[in-house]
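Trainee: dropping the sequence and predicted coords here.
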Amino acid sequence: MQPAYRVPRRLRMRGALGVAFLVAGALLAACGGEAQPVIVTVAPSATWTPSITPTEPPAAAALPTATAWPTRPPSTRTPGAPPAFPLVPTIPPPPETLTATAAPTFVAAAIEYFTTDSASVAPGENVTLFWRVNGADRARIYRVDEDGERLFRWDVMGTGQLTVGTRAADRDVARFLLTAQIGQTEVEQLLQIPLRCPDLWFFDPPPDACAAAPAQITMQAEQTFERGRMVWVASLDRVYVIFEDGLRPGWAQYPDEFNEGDPERDDSLVPPPGLEQPIRGFGLVWRNNPRVRERLGWALSPEVPYEGMVQSDAAEPSVATLYLRTRDGGILALNAQTNEWDVLYAAPNAE
C-alpha cells in the first residue's frame, strides 16, 4: 500500500522510532475517514493526579491525507503544567453532616436535699441539719453570715445529719451552706432558717426587721433650727444633725467632744432677732462645721433635755437603722445605708 503523501526529507533521519510512527499514521489514514486520530501528549509528572476524570473528547473529522503527523522527540526539560482538560462544571462536595452532640449536663438533683426539722428557732438555740448529695463521698457544711462569708466549717459525709447551734447575735435568719465536690464540679446549696426576734421594739407598730438588742433608756437633748434639728444621745455619746432642706445627705452624726469648762458659745457670732446661737455640744458642732451651720441656719429655740430611748436593727452602725425617741413622742428613724431619715409618729410602748 502506497502512502497518500510523501515523507518530508527532514524526517528521514529521525531514526527507527520516527519511521515506525509515520508508517502507523499512514496506515490509519489509508484505512478510512472514520478512524480516530491518536493524540500523543507529554506524560504527566508523577506528582500530579487529576481530581476529575475528563470525558472523552468528541469524535474529530479525519485528518487530511496531505498532512503528516511529525514525531515529537523526547523532551529533556522538566514537564510543566499538565495538559488542560475540557471545561466541566465544578461540583462542590456535599456539606459535612454535623450530628448534634448534647453536652454532658450536670445532674440538677446532685443535692437531693438540705433541710432542717425546725420551722424557726430563737437565736442561740440548736438546729438539726439533714442532707443527701448524690455522687459525693464527702461534703462540707459552713455557717455563713448575711454577706455569704464562711465563718465555720464541718466536714461531713455525702449523707447524714448534724446538730449545730445558732448564734445569739444572729437576727432574722440563721444561714448554713452545703458544698460538695462531684468530679470536677462543686455544687452548693444555702439553707436559711428563720429566727424569732428575742427583743421587742420600744414602739408600735414595729419595723419588719428584728431589733439587734433591747431598747436603751438614755438622756437626750433636742434643739430645732431654721432648716432642721439636732439630737444628742448620751448613751451613744453622739450628736445627730437632721437636715430639712431637701439636700443630701439627709442627716449626719458627730462625736460629742464638748467638755465641761469649754467655751459654751462664740460671742462674736450675733444671731438675727428672734433666733439663737446653739451652745455647748450642739454649738461646738455648729461652729466647727461651716457646712452644718449653712444648712441648718440659726436655732429657733434653746435645746431641751428629756428622757429618750434608742434601738437599732443591726449591731453594725454603718448598715443599721437607728430609732430615737423625739421630745414630742415621735420616732426618728436614721438609715445609715441611704443617709435618709423619717419620723414615725407612733405611740411608744409602756416601759
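Mentor: That came through, no problem.
Trainee: any low-confidence regions in the chain?
Mentor: 1-109, 346-351 (pLDDT under 70).
Trainee: need the distance between the two termini of stretch 110-126.
Mentor: Stretch 110-126 has an end-to-end distance of 27 Å (C-alpha to C-alpha, to the nearest Å).
Trainee: what does stretch 176-196 give?
Mentor: 17 Å.
Trainee: need the contact partners of that stretch.
Mentor: 106, 110-111, 114-116, 118-123, 127, 129, 131, 133-136, 138-144, 148, 150, 158, 164, 166, 170-175, 210 (C-beta atoms under 8 Å, 6 or more residues apart in numbering). C-betas here are computed from N, CA, C, even on glycine.
Trainee: what residues sit buried inside that stretch?
Mentor: 176-180, 182, 187, 189, 191, 193, 195 (16 or more other C-beta atoms under 10 Å).
Trainee: again with stretch 206-225
Mentor: 206, 210-212, 215, 218, 220-225.
Trainee: which pair of the buried residues of stretch 176-196 spans the longest distance?
Mentor: The span of those, defined through C-beta to C-beta, is set by 182 and 195 at 31.5 Å.
Trainee: I'd like the buried residues of stretch 176-196 laid out as JSON lines, including secondary structure.
Mentor: Putting those into JSON lines (DSSP: H, G, I helix; E, B strand; the rest coil) gives the following:
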{"residue": "176", "secondary structure": "strand"}
{"residue": "177", "secondary structure": "strand"}
{"residue": "178", "secondary structure": "strand"}
{"residue": "179", "secondary structure": "strand"}
{"residue": "180", "secondary structure": "strand"}
{"residue": "182", "secondary structure": "strand"}
{"residue": "187", "secondary structure": "strand"}
{"residue": "189", "secondary structure": "strand"}
{"residue": "191", "secondary structure": "strand"}
{"residue": "193", "secondary structure": "strand"}
{"residue": "195", "secondary structure": "strand"}
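Trainee: which one of these sits closest to residue 273?
Mentor: Looking across these and measuring by C-beta to C-beta, the closest to residue 273 is residue 195, at 56.5 Å.
Trainee: who's the closest one bridged to?
Mentor: residue 121 (DSSP bridges).
Trainee: ok, it to residue 240 distance?
Mentor: 29 Å (C-beta to C-beta, to the nearest Å).
Trainee: ok, now residue 154?
Mentor: For residue 154, the distance to residue 240 - C-beta to C-beta - is 43 Å.
Trainee: give me the more crowded residue out of those two.
Mentor: When residue 154 and residue 240 are compared for neighbours, residue 240 comes out ahead with 22 against 14, by other C-beta atoms under 10 Å.
Trainee: could you say which helix or strand contains that one?
Mentor: When elements are assigned from DSSP states H and E, residue 240 belongs to strand 238-243.
Trainee: what pairs with that strand, parallel or antiparallel?
Mentor: Short version: by DSSP bridges, strand 238-243 pairs with strand 228-233 (antiparallel), strand 251-255 (antiparallel).
Trainee: packed most tightly, which of the ones you listed would that be?
Mentor: Here the criterion is mean neighbour count by mean count of other C-beta atoms under 10 Å, and of the strands paired with strand 238-243 the winner is strand 228-233, at a mean of 23.
Trainee: residues touching it, excluding its own?
Mentor: 218, 220-223, 238-245, 256, 278, 281-282, 285-286, 295-297, 303, 308, 310, 324, 326, 332.
Trainee: of those, just the buried ones, PyMOL syntax please.
Mentor: Command for PyMOL, covering only those of the contacts of strand 228-233 found buried under the criterion 16+ other C-beta under 10 Å:
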select buried, resi 218+220+221+222+223+238+239+240+241+242+243+244+256+278+281+282+285+286+295+296+297+303+308+310+324+326+332
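Trainee: among the contacts of strand 228-233, which are located in helices?
Mentor: Members of these lying in helices (criterion: DSSP state H): 281-282, 285-286, 295-296.
Trainee: list buried residues within the contacts of stretch 176-196.
Mentor: 110-111, 114, 116, 121, 123, 127, 129, 131, 133, 136, 139-144, 158, 166, 170-172, 174-175, 210.
Trainee: can you name the residues that contact residue 112?
Mentor: Counted by C-beta under 8 Å, 6+ apart, residue 112 has contacts 132-134.
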